[in-house]
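A.B. asks: pasting a predicted model and its sequence here:
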Amino acid sequence: MSQKRQEIIESAALLIHSKGYESTKLSDILEASKTGKGQFYYYFSSKHELGLAVIDYFFSSFNRELLENILSSRKSPEVRLNEMLEWMVESHNAKESKCGCVFGNLAVEMSEHDEEFRKKVGGVFEAWTEKVKLVLMEMFKSSEPIAPLEVEKLAQGVVAMLEGGLLMMKNKQDIDVFKNMTELVRSLVKNFASSHLP
């Protein structure tokens, strides 16, 4: 990827995370990235194409840092789940608590009227849910395994609770709101294990 194309994506990513996709005008992106309109259209056919590239940009680090380095590590499943929650608190602390989760923001803003955005953001949540499910299935191994469908529902619940917590954190502008949600996730998993394992 050319350096200039990457600069445009990074500038757009900051703006879209802060202001949202619709409120970020092409002129804002051109100014932030110090790019002329002709140069922009050399790299992207439209703002829409750039928006989809921004999702890929954010997913690249999310996938590397959380899905691969933490949830796919060789550590125990209990440690991996806890490290996921700690990573999320750390990564949304301070400055980012004002913006919330870029994937959640775009899901709320775009899913209803843009199918490409909906599918791309949905793919992020599906990948995350699948990794959480695999961690939970490993955690709940026993002589009488829990039905995969039940574990999948729990994984979906964990991701939904965390995304909801990030949305409330953004609204309250208070990281403690999200910290409370991570504690609820720990309790949910613990209670699930107590009620399903022999």
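C.D. replies: Arrived safely. Residues are numbered from 1 along each chain as shown.
A.B. asks: contacts only, for Y21.
C.D. replies: By Cβ atoms under 8 Å, 6 or more residues apart in numbering, the contact set of Y21 is 51, 106, 109-110, 117. (Glycine included, C-beta is placed from N, CA and C.)
A.B. asks: that one: what secondary structure?
C.D. replies: For Y21, the secondary structure call by DSSP: H, G, I helix; E, B strand; the rest coil comes out as coil.
A.B. asks: S73 too?
C.D. replies: coil.
A.B. asks: that one reaches R80, doesn't it?
C.D. replies: Yes. Using Cβ atoms under 8 Å as the test, S73 is close enough to R80 to be in contact (6.0 Å).
A.B. asks: those two: who's more crowded?
C.D. replies: Between S73 and R80, counted using other Cβ atoms under 10 Å, the more crowded position is R80 (21 against 12).
A.B. asks: quick one: which helix or strand includes that one?
C.D. replies: helix 77-91 (DSSP states H and E).
A.B. asks: other SSEs contacting that helix?
C.D. replies: Here helix 77-91 touches helix 115-139, helix 175-196, going by 3 or more Cβ pairs under 8 Å, 6 or more residues apart in numbering; DSSP states H and E.
A.B. asks: again, only this time at 6 Å
C.D. replies: Contacts defined by 3 or more Cβ pairs under 6 Å, 6 or more residues apart in numbering; DSSP states H and E place helix 77-91 against helix 115-139.
A.B. asks: now the helix or strand that comes right after the helix it packs on: average pLDDT?
C.D. replies: Scanning forward in sequence from helix 115-139 by DSSP H and E, the next helix or strand is helix 148-172. The average pLDDT within helix 148-172 is 94.
A.B. asks: and what of stretch 114-132?
C.D. replies: Averaged across stretch 114-132, pLDDT comes to 98.
A.B. asks: one more: stretch 13-20?
C.D. replies: Predicted confidence along stretch 13-20 averages 95 (mean pLDDT).
A.B. asks: heads up, I number from 378, so please use that
C.D. replies: Got it, the first residue is 378 from now on, which makes the last one we talked about stretch 390-397.
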